[in-house]
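Engineer: got a sequence here, can you build the structure:
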Amino acid sequence: MAEDRLSQLPDDILHLILDKIGIFQAVETAILSERWKKLWRSLPALRFHFSLPKDSYLSPCEHNRSQVLSHCHRVSRFLSRRDASAAVRAFHLSFRSNNASAAAHVLDLSLGINSHLDGGVESSFVEDCARYAIHHGVRSLHLHCHDLRQTWLPAEIFACKTLKELDLRDFIVNHKELDLPELEKLTLLKYLVLVPLVINAPKLRLLKLYGRIAVERIHAPLLTSLTYKSSDAWECADADLPVLEHVYLDIHKSRYCRDQNHTNFLAMLHQLRNATTVSLTLDTIKVEHSPNLLVIADEDDMAEEGYDFVVYEDGYEYGNA
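Structural biologist: This next block holds a predicted model:
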């Protein structure tokens with residue numbers, strides 16, 4: 001019999017191999033030999049990605065709900081059988097629809113329209129997953145649940161001392177302060193933020209905000225990259241971003257919000273004045289005819305602030321002179 005040299009590799013190497021296949025396929029390797037029987041139970045990277053039925057968001061039904069609940073049960077059973085002493089480096093959970101029209105529907109709703117879609121992920125399940133990850137020292141946490149149920153996130157997420165990367169999409173947030181001392185990358189796409197956020201992340205380097213997310217104050221002295229996509233400019237009272245380099249702004253019209261107010265746009269640009277380059281989409285710089293909208297000042301006004309301008313085919317960019 002040929003020597004099984006693969007099984008002689010250390011756990012860290014075998015974990016890397018298992019990480020290249022689906023997590024439930026990794027469980028199936030337990031039948032290979034005694035060496036592999038419990039290896040999956042200490043996997044440090046837990047990634048659960050599920051594709052939902054084609055019309056689960058547009059035509060909810062009991063069948064769709066049963067499929068979603070089945071996925072949740074598989075995750076819960078996996079976690080219950082995992083080695084409780086094993087650390088979690090990454091925990092990613094996502095439920096996505098394969099239907100392009102459903103994806104567009106979700107994108108529109110992300111602008112802040114409240115709705116109720118049946119057949120979705122239970123709030124208690126998401127909370128249990130998040131707490132499991134946090135209690136096991138998670139460093140990268142992704143939670144994507146395209147659902148407008150009232151899915152609340154536990155407060156522990158926003159004060160986690162181990163997180164380096166946080167990506168949250170489509171949740172209701174009722175927690176004001178994000179105090180994350182080790183965080184380096186933050187992505188937020190939410191349907192509803194009940195209170196303006198105070199972001200305190202001294203090591204944050206990359207920030208992406210999508211949707212109508214209110215930010216009251218942000219302290220990120222090492223932030224170098226900011227992406228902001230919304231139907232409104234932000235109204236941030238205090239932005240501490242001294243080393244900001246790259247900014248991408250996409251402030252666009254929403255078909256749901258007819259009376260949009262962009263009067264804060266110039267104030268927003270002033271807060272981002274330390275940036276080396278600021279890229280604006282054509283939607284952002286488009287001059288609206290409504291008297292309630294002010295999208296961008298002319299070049300002469302901005303030149304007084306010390307900026308040079310470059311116009312591209314698909315947008316507008318200016319940088320410090």
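
Engineer: give me the below-cutoff pLDDT ranges for the stretch 101-250 of the chain.
Structural biologist: 101-121, 146-151, 190-193 (pLDDT under 70).

Engineer: now for the longest helix along the chain, which elements pack on it?
Structural biologist: Longest helix in the chain by number of residues (criterion: DSSP state H): helix 62-81. With contacts taken as 3 or more C-beta pairs under 8 Å, 6 or more residues apart in numbering; DSSP states H and E, helix 62-81 sits against helix 23-28, strand 45-52, strand 90-97, helix 123-135. Placement of C-beta: from N, CA and C, glycine included.

Engineer: can you tell me how far the spatially closest residue to residue 267 that is not a sequence neighbour is from residue 137?
Structural biologist: Spatial nearest neighbour of residue 267, chain neighbours left out: residue 233 (7.6 Å); criterion: C-beta to C-beta, 6 or more residues apart in numbering. Between residue 233 and residue 137 the distance is 38 Å, computed by C-beta to C-beta, to the nearest Å.

Engineer: ok, residue 8 next?
Structural biologist: Separation of residue 8 from residue 137 (C-beta to C-beta) stands at 28 Å.

Engineer: any idea which of the helices and strands packed on helix 62-81 gets closest to residue 164?
Structural biologist: Proximity to residue 164 (C-beta to C-beta) singles out strand 90-97 among those, at 9.9 Å.

Engineer: how about the strands in the stretch 101-250 of the chain?
Structural biologist: 140-145, 165-169, 172-173, 177-179, 185-189, 192-193, 197-200, 206-210, 215-219, 225-230, 238-240, 246-251 (DSSP state E, counting those that start in this stretch).

Engineer: for the second one, packing partners?
Structural biologist: It refers to strand 165-169. Contacts defined by 3+ C-beta pairs under 8 Å, 6+ apart place strand 165-169 against strand 140-145, strand 185-189.

Engineer: buried residues in that strand?
Structural biologist: Within strand 165-169, the residues scored as buried using 16 or more other C-beta atoms under 10 Å are 165, 166, 167, 168, 169.

Engineer: does the last one really touch residue 126, like I thought?
Structural biologist: No. Counting by C-beta atoms under 8 Å, residue 126 is not a contact partner of residue 169; they are 11.6 Å apart.

Engineer: quick one: residue 215 from residue 74, how far?
Structural biologist: 36 Å.

Engineer: who's more crowded, these two?
Structural biologist: Of the pair residue 215 and residue 74, residue 215 is the one with more neighbours under other C-beta atoms under 10 Å, namely 21 against 15.

Engineer: now that one: closest residue in space, sequence neighbours ignored.
Structural biologist: residue 236 (4.7 Å).

Engineer: for the stretch 201-321 of the chain, what spans make up the helices?
Structural biologist: Under the criterion DSSP state H, counting those that start in this stretch, helices of the stretch 201-321 of the chain are mapped to 265-271, 282-285, 299-303.

Engineer: helices and strands around the second one, which ones?
Structural biologist: Secondary structure elements in contact with helix 282-285, counted by 3+ C-beta pairs under 8 Å, 6+ apart, are strand 246-251, strand 315-320.

Engineer: before we move on, the earlier item: of residue 8 and residue 137, which one has the most company?
Structural biologist: A count of neighbours by other C-beta under 10 Å puts residue 137 above the other of residue 8 and residue 137, at 15 against 10.

Engineer: which residues touch the more buried one?
Structural biologist: 87, 88, 162 (C-beta atoms under 8 Å, 6 or more residues apart in numbering).

Engineer: and the residue nearest to the second one when sequence neighbours are not counted, what is it in contact with?
Structural biologist: Of all residues not flanking residue 88 in the chain, residue 136 sits nearest, at 3.9 Å (C-beta to C-beta, 6+ apart). Shown here is residue 136, whose contacts under the criterion C-beta under 8 Å, 6+ apart are 86, 87, 88.

Engineer: one more pass at 10 Å, please.
Structural biologist: Going by C-beta atoms under 10 Å, 6 or more residues apart in numbering, residue 136 touches 44, 46, 79, 82-89, 91, 162.

Engineer: count of neighbours near residue 41?
Structural biologist: 15.

Engineer: hmm, I typed the wrong one, I wanted residue 231.
Structural biologist: Using other C-beta under 10 Å, residue 231 has 21 neighbouring residues.

Engineer: ok, it to residue 268 distance?
Structural biologist: For residue 231 relative to residue 268 (C-beta to C-beta), the value is 14 Å.
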